[in-house]
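# build me a model from this:
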Amino acid sequence: MSAATQVLYLAAGVFALTAIGTLWRRDLAAVIRMLAVQGFALASIVAALAAAERSAELAFVAAGLALLRGVLLPLLAHRALNAAATARESRPIVNITASLVAAAALALLAFLVSRPIVAVAGTEAAKAVPVALTVVLLGFLTVTTRRHALSGVAGFLLIDNGITAIAFLTTAGVGLLLEIGISLDVLGAVLVLAVLTGRMRAAFGDTDLSDLKELRD
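All right, here's what the predicted structure looks like:
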């Protein structure tokens, strides 16, 4: 096994552990730190692929991912957190223990569903696809079981990071312009969500999404 492949598998492990960490922690500042680490893990995956493929374009994309998803997006999330009334996910729809059990079940499902993809691709990189798919499913779980607006942002970023990882692992990289476009789209979405969080706090004094149930025509 080459050094690049070892780095890729190590980064994939960190990539999955940070997704589980977002379900485990209720402290939103800790969740944002998890997302920052995951952003660097994603960049490391792409950097390992760049080394294996000897691709300068992939290396450039890896650097951009580290800057955007490891630094810029977490900073924006921290700004939104500073404007929020609460810094903890105090009332999740599903408790932490049940969330971790569901995460284990989703990980098993991801490995079962990904087996044909891994078999068809037949590359070392494709063996990490189940991990990326697990992150996508954990993102959906986070979005559907958390009430705080920033938890929803975290879930959205997990989904996007997982999909991005799958694209790189199965195709040995996507086009540079396409990746830039996707990243800018994610950045715009996070900016909108940050503004929405501030508006919710101004209107309701909190950023709990359950408060939106009180809205009526």
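# nearest residue to Leu8 other than its sequence neighbours?
Take Leu8 and drop its neighbours on the chain: the residue closest to it by CB to CB, 6 or more residues apart in numbering is Ala48, 3.8 Å away. C-beta: built from backbone N, CA, C; applies to glycine.
# in which helix or strand does that neighbour reside?
If you go by DSSP states H and E, Ala48 is part of helix 28-53.
# average pLDDT for that helix, rounded please.
For helix 28-53, the mean per-residue pLDDT is 90.
# downstream of it, the next helix or strand is which one?
Following helix 28-53 in sequence order, the next helix or strand is helix 56-67 (DSSP H and E).
# and the helix or strand following that next one, average pLDDT?
Toward the C-terminus, helix 56-67 is succeeded by helix 73-83 as the next helix or strand (DSSP H and E). Taken as a whole, helix 73-83 carries a mean pLDDT of 77.
# now swap in stretch 162-172 and tell me
Averaging pLDDT along stretch 162-172 yields 82.
# quick one: the residue nearest to Leu8 and His78, what's the gap?
Note on Ala48: its distance to His78, by CB to CB, to the nearest Å, is 28 Å.
# now the protein, which segments are flagged as low pLDDT?
Scanning the chain for pLDDT under 70 picks out 1, 83-87, 89-92, 172-217.
# surely Ala107 meets Val135?
No - using CB atoms under 8 Å, Ala107 makes no contact with Val135, being 9.6 Å away.
# common neighbours of these two, please.
Ala16 (CB atoms under 8 Å, 6 or more residues apart in numbering).
# the helix holding Ala48 - contacts with which helices or strands?
Judged by 3 or more CB pairs under 8 Å, 6 or more residues apart in numbering; DSSP states H and E, the packing partners of helix 28-53 are helix 3-24, helix 56-67, helix 73-83, helix 149-171.
# for those helices, which one sits closest to Ala36?
Nearest to Ala36, of all the helices and strands packed on helix 28-53, is helix 73-83, at 4.0 Å by CB to CB.
# tell me the most buried of the helices and strands packed on helix 28-53?
helix 149-171 (a mean of 23; mean count of other CB atoms under 10 Å).
# center of the protein, which residue is that?
In the chain, the centroid-proximal residue (CA atoms, centre = their mean) is Leu158; its distance is 2.0 Å.
# which residues touch that residue?
Ala19, Thr22, Leu35, Gln38, Val135, Val136, Leu138, Gly139, Thr142.
# what do you get if the cut-off is 10 Å, keeping everything else the same?
18-19, 22-23, 34-35, 38, 135-143 (CB atoms under 10 Å, 6 or more residues apart in numbering).
# tell me how far it lies from Tyr9.
20 Å.
# quick check: closest non-adjacent residue to the residue nearest to the centre of the chain.
Among residues not flanking Leu158 along the chain, Gly139 sits closest, at 3.1 Å (CB to CB, 6+ apart).
# helix/strand/coil for that neighbour?
Here Gly139 is recorded as helix under DSSP: H, G, I helix; E, B strand; the rest coil.
# any idea how many residues pack against it?
22 (other CB atoms under 10 Å).
# wait, isn't it in contact with Thr18?
No - with contact defined as CB atoms under 10 Å, Gly139 does not reach Thr18; the gap is 11.5 Å.
# need the overlap of contacts for these two.
Jointly contacting Gly139 and Thr18 under the rule CB under 10 Å, 6+ apart are Leu158, Asn161.
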